[in-house]
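K.L.:
kindly generate the corresponding structure for this input.
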Amino acid sequence: MIRKLLYTYALAKSIYEQRKDYIDTFCPFVLKVLPIDRDILDLITIQGKIKDNYGLNIPEHSLKSIITRAKNKNYITVVKWQVRLNEKGIEYLDRLEPEKEVDRRINELLADVKSYLNEPRLSLEEIYKIVLCFINENIDPIIEFFDPNGICKLDIPRLKIRNYEDTLIQYFLDAEKQKPHLWKTIQDIVYGSVIAVSSISPNIAEINRRFKDVQVFLDSNFIFSLFEFHFPEINKPAKELFELLKIYKFDIKVFDFTVNEMVHALSNYSSEQHMYVPGIKVNSIYSNLKSKRWTIEDVKEFIQKIEERIWSLGIKIEPSKIDLTTYIPKKEYIDRILEYKPLQPYQTERSRYHDLAIIEKIKEIRSTPKREIEKSKAIFLTSDLKLSKFDFLELSHKENATICEIIPDRLLTNILWLKNPTIVKDIPFKTIIAIHSREIFIDRGIWRRFYENVRKLREEGRIEDKDISMLFYNHYIEGVLLEFDESEADKITRELILDEIEKMSGMIDIETQKKLEEQKRIFEDKITHDVMLPISQAKF
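P.N.:
Next comes the predicted model:
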């Protein structure tokens, strides 16, 4: 049954809408695996059948809570955890949305996605896996949070998913406006995926517990998003999560050395901004600031009042007694973090030291290991999944089942939404869009490598201004560079750039050449000034 998980997600969302209670939501999954002929099943058998039929791996304690709820409603009879379906339980199942109808809705969605992707060679099973992988990138962190060994794995290469991400995002946005019945199915699957994760909680009855006196420390990029220094696709979900933090009355803070890191990053704008071109989206605040036409003076003025601006958001600045210019973390951590976060050409050791100082300070605030996020005292909120993975694996949180110091933004968003889905109904969907939006910008290291090689080619006289103009025509080079991630910077060679210029030259017809000549002044303003001139004058 290739649509097992999509069906489970859609059904979970549908039941939750009616019941508004997680234990009630999963009662039908228990009832559905019980024999209609009233045969008795034991706890272990029920657990196995739910996993086989619906892809839900419900822990025994949570399963007992669900069975007890079903017994109290007289859906089942339970004697020493031997369970039998009652007549009232059969009647209840008859009132649920039929499996054939759910399957029909999902088949219709998959067929429409296939048509939209315009990939006739893909089977419906492959389309299913692409959609499911896309959605699971949002819920994998929360699955891992409840069950450290429970990540969903499908036999489909990550690179293949990347090829369809941009188109899938656009499909979702188009469906919202033009295909309301399919949009409803998409919503059921996305929101149901988060709801379904609640079933793997060690104690499903405790999901609604409140946070108690928890300090949330923000990373620099999160605060940059609040100031709209990133592109809107990243800023918007950060702002919405920030509003959730205030609704839940977290004590929202930033360490003083993180503010210093923000100042350090902004100060580098003067030496970095010449590399970026308005209209070409690179995953860097410098790219967005350049698109906004920020000057070096604008940045200096912002830095002068940065503390006041942070305070105005309602964020407290926490003194730490840490100076990153002299701070030295433990050597074993310095070596091990490199396995997760290799140093990029544009980075310094200072950024790694900042990350390790964060972990040290959160541990200091907690004083003892914590096993409940609601009582964790302090967490550091970031979009840096590599830092989160380092913390989870290398600081023994996985083996000890303790709460990490570093919490990914998508994880906290989903946890807060699970605790009260009525507060902001569409948060998880916006989170999933944000996750993939980060990957539809050109990686900063890839762009830097491209820039340096273009500069060298021009210095050597192997390309001219018109060649660079062709690369930028119709955002051609943007599409090329988006195919590479940060680990593939070495593939951005001068030979690759020359090949792309040759390809583009063959694609541009005589009519387009005339248009390029007509727009020469525009290209000179936008490209020659922002790219060609700095290429000839840049100092590295």
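K.L.:
only C-alpha atoms from now on, for both contacts and neighbour counts.
P.N.:
Will do.
K.L.:
show me the domain layout of the protein.
P.N.:
20-95, 210-413, 444-537 (automatic domain parsing).
K.L.:
ok, of those domains, where does mean pLDDT dip lowest?
P.N.:
For those, mean pLDDT drops lowest on domain 444-537, to a mean of 76.
K.L.:
ranges for the strands of this structure?
P.N.:
Taking DSSP state E as the test, the strands found in the chain are 41-42, 76-79, 82-85, 215-218, 251-255, 316-318, 378-382, 406-408.
K.L.:
nearest to residue 301 among those would be which one?
P.N.:
strand 316-318 (19.7 Å; Cα to Cα).
K.L.:
format the strands of the chain as TSV; extra columns: mean neighbour count.
P.N.:
As requested, the strands of the chain are arranged in TSV below (neighbours: other Cα atoms under 10 Å):
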stretch	mean neighbour count
strand 41-42	16
strand 76-79	17
strand 82-85	21
strand 215-218	21
strand 251-255	20
strand 316-318	17
strand 378-382	24
strand 406-408	24
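K.L.:
can I get the ones you listed in a markdown table with distance to residue 34?
P.N.:
Shown next, in a markdown table, are these (distance: least, Cα to Cα, whole Å):
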| stretch | distance to residue 34 |
| --- | --- |
| strand 41-42 | 7 |
| strand 76-79 | 9 |
| strand 82-85 | 6 |
| strand 215-218 | 44 |
| strand 251-255 | 47 |
| strand 316-318 | 54 |
| strand 378-382 | 42 |
| strand 406-408 | 38 |
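K.L.:
wait, which of the ones you listed is closest to residue 141?
P.N.:
Nearest to residue 141 among the strands of the chain is strand 406-408; the distance by Cα to Cα comes to 7.9 Å.
K.L.:
next, residue 248: phi, psi?
P.N.:
Reported as degrees, to the nearest 10, the phi and psi values for residue 248 are phi -80, psi 0.
K.L.:
how near is it to residue 260?
P.N.:
28 Å (Cα to Cα, to the nearest Å).
K.L.:
so which of those two has more stuff around it?
P.N.:
Using other Cα atoms under 10 Å as the criterion, residue 248 and residue 260 rank with residue 260 on top: 16 against 13.
K.L.:
which residues of the stretch 101-250 of the chain fall in helices?
P.N.:
In the stretch 101-250 of the chain, the helices defined using DSSP state H, counting those that start in this stretch lie at 124-146, 158-178, 180-197, 220-226, 232-247.
K.L.:
now the stretch 251-400 of the chain
P.N.:
Secondary structure of the stretch 251-400 of the chain by DSSP H, counting those that start in this stretch: the helices cover 256-267, 269-272, 285-291, 296-304, 306-312, 331-340, 349-366, 385-394, 397-400.
K.L.:
which ones are touching residue 60?
P.N.:
Residue 60 makes contacts with 43, 47, 202, as judged by Cα atoms under 8 Å, 6 or more residues apart in numbering.
K.L.:
just the buried ones out of those, please.
P.N.:
47, 202 (16 or more other Cα atoms under 10 Å).
K.L.:
need the contacts of residue 60 in a markdown table with distance to residue 480, can you?
P.N.:
Shown next, in a markdown table, are the contacts of residue 60 (distance: Cα to Cα, whole Å):
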| residue | distance to residue 480 |
| --- | --- |
| 43 | 54 |
| 47 | 48 |
| 202 | 45 |
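K.L.:
nearest to residue 361, of the contacts of residue 60?
P.N.:
The closest of the contacts of residue 60 to residue 361 turns out to be residue 202 (Cα to Cα; 28.7 Å).
K.L.:
just the pLDDT for the closest one.
P.N.:
Residue 202 carries a pLDDT value of 81.
K.L.:
that one and residue 65: what is the separation?
P.N.:
Look at residue 202 and residue 65: by Cα to Cα, they are 11 Å apart.
K.L.:
same question, residue 167
P.N.:
With distances taken as Cα to Cα, residue 167 is found 42 Å from residue 65.
K.L.:
neighbour count winner among these two?
P.N.:
Higher neighbour count among residue 167 and residue 65: residue 65, with 17 against 14, using other Cα under 10 Å.
K.L.:
before we move on, the earlier item: can you say which of the strands of the chain is nearest to residue 476?
P.N.:
strand 378-382 (32.2 Å).
K.L.:
hang on, the earlier thing: present the helices of the stretch 251-400 of the chain as a markdown table; the columns should include distance to residue 125.
P.N.:
Shown next, in a markdown table, are these (distance: least, Cα to Cα, whole Å):
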| stretch | distance to residue 125 |
| --- | --- |
| helix 256-267 | 45 |
| helix 269-272 | 46 |
| helix 285-291 | 39 |
| helix 296-304 | 50 |
| helix 306-312 | 49 |
| helix 331-340 | 33 |
| helix 349-366 | 41 |
| helix 385-394 | 29 |
| helix 397-400 | 33 |
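K.L.:
out of the ones you listed, which one sits most buried?
P.N.:
Here the criterion is mean neighbour count by mean count of other Cα atoms under 10 Å, and of those the winner is helix 285-291, at a mean of 22.
K.L.:
give me the contacts around it.
P.N.:
Here helix 285-291 makes contact (Cα under 8 Å, 6+ apart) with 224, 229-231, 269, 272-273, 276-282.
K.L.:
top of those residues by neighbour count?
P.N.:
Going by other Cα under 10 Å, residue 282 tops the contacts of helix 285-291 with 28 neighbours.
K.L.:
measure it to residue 474 for me?
P.N.:
Residue 282 sits 16 Å away from residue 474, going by Cα to Cα.
K.L.:
repeat for residue 107
P.N.:
Taken as Cα to Cα, the spacing of residue 107 relative to residue 474 amounts to 36 Å.
K.L.:
compare those two (neighbour count), which wins?
P.N.:
Taking neighbours as other Cα under 10 Å, residue 107 and residue 474 compare with residue 107 leading, 15 against 10.
K.L.:
check that one and give its pLDDT.
P.N.:
With respect to pLDDT, residue 107 has a value of 91.
K.L.:
one more: the one 3 residues further on?
P.N.:
According to the model's per-residue confidence, residue 110 sits at a pLDDT of 93.
K.L.:
that one against residue 124, yeah?
P.N.:
Yes - using Cα atoms under 8 Å, residue 110 is in contact with residue 124, at 6.6 Å.
K.L.:
any chance of the contacts of helix 285-291 in a markdown table, plus distance to residue 360?
P.N.:
Listed next are the contacts of helix 285-291 as a markdown table, based on distance: Cα to Cα, whole Å:
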| residue | distance to residue 360 |
| --- | --- |
| 224 | 23 |
| 229 | 28 |
| 230 | 28 |
| 231 | 31 |
| 269 | 29 |
| 272 | 31 |
| 273 | 33 |
| 276 | 35 |
| 277 | 39 |
| 278 | 39 |
| 279 | 40 |
| 280 | 38 |
| 281 | 35 |
| 282 | 32 |
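K.L.:
nearest to residue 387, of those residues?
P.N.:
Distances from residue 387 to those, taken as Cα to Cα, are shortest for residue 224 (18.4 Å).
K.L.:
now do that closest one against residue 258, distance only.
P.N.:
In this view, residue 224 and residue 258 are 12 Å apart by Cα to Cα.
K.L.:
what of residue 122?
P.N.:
47 Å.
K.L.:
residue 332 too?
P.N.:
Distance from residue 332 to residue 258, by Cα to Cα: 23 Å.
K.L.:
repeat that for residue 208.
P.N.:
Distance from residue 208 to residue 258, counting by Cα to Cα: 32 Å.
K.L.:
report the contact partners of residue 127.
P.N.:
110, 113-114.
K.L.:
for residue 246, same thing?
P.N.:
Contacts for residue 246 (Cα under 8 Å, 6+ apart) come out as residue 252.
K.L.:
how close does it get to residue 412?
P.N.:
From residue 246 to residue 412 the distance is 13 Å (Cα to Cα).
K.L.:
no further queries at this time; thank you.
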